[in-house]
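Novice: make a model of this:
(chains A and B)
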Amino acid sequence: TQLLEQSPQFLSIQEGENLTVYCNSSSVFSSLQWYRQEPGEGPVLLVTVVTGGEVKKLKRLTFQFGDARKDSSLHITAAQPGDTGLYLCAGVTTETSYDKVIFGPGTSLSVIP
Amino acid sequence: DSGVTQTPKHLITATGQRVTLRCSPRSGDLSVYWYQQSLDQGLQFLIQYYNGEERAKGNILERFSAQQFPDLHSELNLSSLELGDSALYFCASSNGGHEQFFGPGTRLTVL
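Specialist: Numbers count the residues shown, from 1 in each chain, chains lettered A, B, ... in the order given. Below you'll find the predicted structure:
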């Protein structure tokens, strides 16, 4: 069974602080996605990383895919209240003839003004 | 707005009842996914359809069933409802790639 773990489970920080959340697995993924979900809404895709070691930046957010494609991190610089939400990572594997997406349990981030 | 619509937004029903949740995917998307999200279980994959055919099954109970119609909309049927079925149910669609576009969800409350 392929599982994704995310840490920390909960994170509460002050506006302006930096933070890093992690996504780990014992499985190798062909790609990995990060989603953000705000309360009462569906998850929204932030980024997809494909190559081992790949780094992608989205404004104040930096995403990294591990060299072995088993883990990923999301770093937020100078967090703002608008960053508050549930951050989900999702690993993509290929099984038989189709791709399978597995979601992690998420990191709930609260940025306090 | 993701382009995925779900109805109803809220549903309150009693134990033992049956409900149907509806999803319309983004225009052109052939794949539809159903997820259940509760506070203690996180986002759980239930089932995926591609162009009318079941493609993958996750942790879907036998009391639950789904289908995708020729016009590509999908319905998730939940029967013999239990208190523990109370959750947010999300539909997502994709065009064959890995990016999924999620709808706003249906909040089901079983009393």
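
Novice: all strands of chain A, in order?
Specialist: A:5-7, A:10-14, A:19-24, A:31-37, A:44-49, A:55-58, A:61-65, A:71-76, A:85-95, A:98-103, A:107-112 (DSSP state E).

Novice: strand A:61-65 and the fifth one, what's the angle between them?
Specialist: Using axes from the mean of the first three to the mean of the last three Cα atoms, to 10 degrees, one finds that strand A:44-49 and strand A:61-65 are set 50 degrees apart in direction.

Novice: just to revisit the earlier point, between the strands of chain A, which gets the lowest average pLDDT?
Specialist: Note on these: strand A:98-103 shows the lowest mean pLDDT, a mean of 80.

Novice: who in chain A is up against chain B?
Specialist: A:31, A:33, A:40-45, A:48, A:88, A:92, A:98-106 (Cβ under 8 Å from any Cβ of the partner chain). In this view, the C-beta of every residue, glycine as well, is placed from N, C-alpha and C.

Novice: which residues touch the residue of chain B found nearest chain A?
Specialist: Nearest to chain A, among the residues of chain B, is residue B:102, at 3.0 Å (Cβ to the nearest Cβ). Residue B:102 makes contact with A:42, A:43, A:44, B:2, B:4, B:90, B:91, B:92, according to Cβ atoms under 8 Å, 6 or more residues apart in numbering or on different chains.

Novice: now tabulate the strands of chain A in TSV and tack on distance to residue B:29 and mean neighbour count.
Specialist: Listed next are those as TSV, based on distance: least, Cβ to Cβ, whole Å; neighbours: other Cβ atoms under 10 Å in any protein chain shown:
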stretch	distance to residue B:29	mean neighbour count
strand A:5-7	27	17
strand A:10-14	33	13
strand A:19-24	26	19
strand A:31-37	16	23
strand A:44-49	14	18
strand A:55-58	23	12
strand A:61-65	25	20
strand A:71-76	26	20
strand A:85-95	17	20
strand A:98-103	14	18
strand A:107-112	28	18
